[in-house]
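In: coordinates only, no sequence provided:
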């Protein structure tokens, strides 16, 4: 089994991607509830219909993970 040396970097990249997608989905749901017009959102299960709170939460999580990813990249480049 290969040794993963970039596990932290991979985890942070996944975190940025998923949190960014959840933030975007929350914002789209919020706009859809106010204006109507996105028919494809109604096809997605209703367990996760976003609000401003969830958009802020996941947006901040994405920003924090991105900052940590930049710190990991800087540390790795200075140790090589």
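Out: Sure thing, it's come through. All figures in this text were calculated on a predicted structure; none of them were measured in a lab.
In: centre of the chain to whichever strand or helix holds residue 74, how far?
Out: For residue 74, the host element (DSSP states H and E) is helix 52-79. Chain-centre distance of helix 52-79: 10 Å, with Cα atoms, centre = their mean, to the nearest Å.
In: tell me the buried residues in that helix?
Out: For helix 52-79, the neighbour count (16 or more other Cβ atoms under 10 Å) marks 54-55, 57-59, 61-62, 65-66, 68-69, 72 as buried. Glycine gets a C-beta too; all of them are placed from N, C-alpha and C.
In: residue 22: which of those is nearest?
Out: Distance to residue 22, by Cβ to Cβ, is smallest for residue 58 among those, at 4.2 Å.
In: contacting residues for residue 12?
Out: Residues near residue 12 by Cβ atoms under 8 Å, 6 or more residues apart in numbering: 65-66, 68-69, 72.
In: make CSV from those and add distance to residue 31 and pLDDT to it.
Out: Below are these laid out as CSV (distance: Cβ to Cβ, whole Å; pLDDT from 0 to 100):
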residue, distance to residue 31, pLDDT
65, 24, 95
66, 24, 95
68, 29, 94
69, 28, 92
72, 34, 86
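In: can you redo these as a markdown table with distance to residue 14?
Out: Listed next are the contacts of residue 12 as a markdown table, based on distance: Cβ to Cβ, whole Å:
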| residue | distance to residue 14 |
| --- | --- |
| 65 | 9 |
| 66 | 12 |
| 68 | 12 |
| 69 | 10 |
| 72 | 13 |
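In: looking at those, which is nearest residue 13?
Out: residue 69 (6.5 Å).
In: and that closest one, what does it touch?
Out: 9, 12-13, 16 are the contacts of residue 69 under Cβ under 8 Å, 6+ apart.
In: got it, and residue 20?
Out: Going by Cβ under 8 Å, 6+ apart, residue 20 touches 58-59, 62.
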